[in-house]
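Student: Using only what follows, build the 3D model:
(one chain, ligands or ions: 2)
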Amino acid sequence: MKELSLNVLDITHNSITAGAKQIDLTLELTADRIVIRIRDNGCGMDEKMLASVTDPFTTTRTTRRVGMGIPLFKLAAEQSEGYLDIKSRINEGTEVTAVFNKNHIDCPPLGDMAATVAMLMAAVPEDSDLNYRFETEKGGFSLGTAELREALGGDISLGEPEVQQWIAEHIREQEQSYTC
Ligand SMILES: Nc1ncnc2c1ncn2[C@@H]1O[C@H](COP(=O)(O)OP(=O)(O)O)[C@@H](O)[C@H]1O
Ligand SMILES: [Mg+2]
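Tutor: Numbering: from 1, shown residues only. Ligands and ions are numbered 1, 2, ... in the order given. Model (predicted):
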């Protein structure tokens, strides 16, 4: 996987599949680190599953035997001399944290995080929420499906192309104001 936004898409999809009602995605940028955290209150994993989940042959899906999402995210973090940490409790939820050394030559580019978040917001079920938080040393901002749905009213879906574009554009503008 070439861009971190693709890893984020994959790992956040795990939270959706796990039936999470609340998903919190955080991107934290400092002078030398990128920290990505995905926390959910989905079905969680037992200890045995958790211990084997960074192994590329672990999956509960039946269509393909190899689960690659977490192993690839871990590999990407370790290639930049960072690390991946997973905490999970059955019936409570899961938290995946990946830390990257931003200035390491093998640190992948972030990719289009704004478009990825917009896509994920359209993918979460109506009765679930995704909150995105962006943090830097200068400050940050949040955007969540709950406030967006409320602002849009019942008739317009987060999957509408215009809404998707607006979300991505809003995130890009906000992020630029903290990174320039
Ligand atoms: N957030 C999560 N909540 C519950 N189970 C999870 C979560 N993330 C991963 N898993 C479990 O770990 C397995 C491996 O995940 P992953 O490496 O992304 O591969 P895949 O999604 O392709 O199966 C999943 O099939 C699922 O059983
Ligand atoms: Mg996955």
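
Student: hmm, the helix or strand harbouring A98 in reach of ligand 2?
Tutor: Using DSSP states H and E, the element containing A98 is strand 93-101. No. Using CB under 5 Å from the ion, strand 93-101 stays clear of ligand 2, coming no nearer than 10.5 Å. Heads up, the C-betas are built off the backbone N, CA and C, glycines and all.

Student: ok, now stretch 105-123?
Tutor: No. Judged by CB under 5 Å from the ion, stretch 105-123 stays clear of ligand 2, getting no closer than 13.0 Å.

Student: So is that stretch next to ligand 1?
Tutor: No. Stretch 105-123 lies out of reach of ligand 1 by CB under 6 Å from any ligand atom, never closer than 13.3 Å.

Student: In that stretch, which residues are buried?
Tutor: Within stretch 105-123, the residues that qualify as buried are 107-108, 110-122, counting by 16 or more other CB atoms under 10 Å.

Student: end-to-end on it?
Tutor: Across its full length, stretch 105-123 reaches 33 Å between end residues, using CA to CA, to the nearest Å.

Student: Which residues does that stretch contact?
Tutor: With CB atoms under 8 Å, 6 or more residues apart in numbering as the test, stretch 105-123 has contacts from 1-6, 8-9, 12-13, 16, 25, 27, 34, 76, 79-80, 82, 100-101, 130, 132, 143, 145, 148, 157-159, 163-165, 167-169, 171-172, 175.
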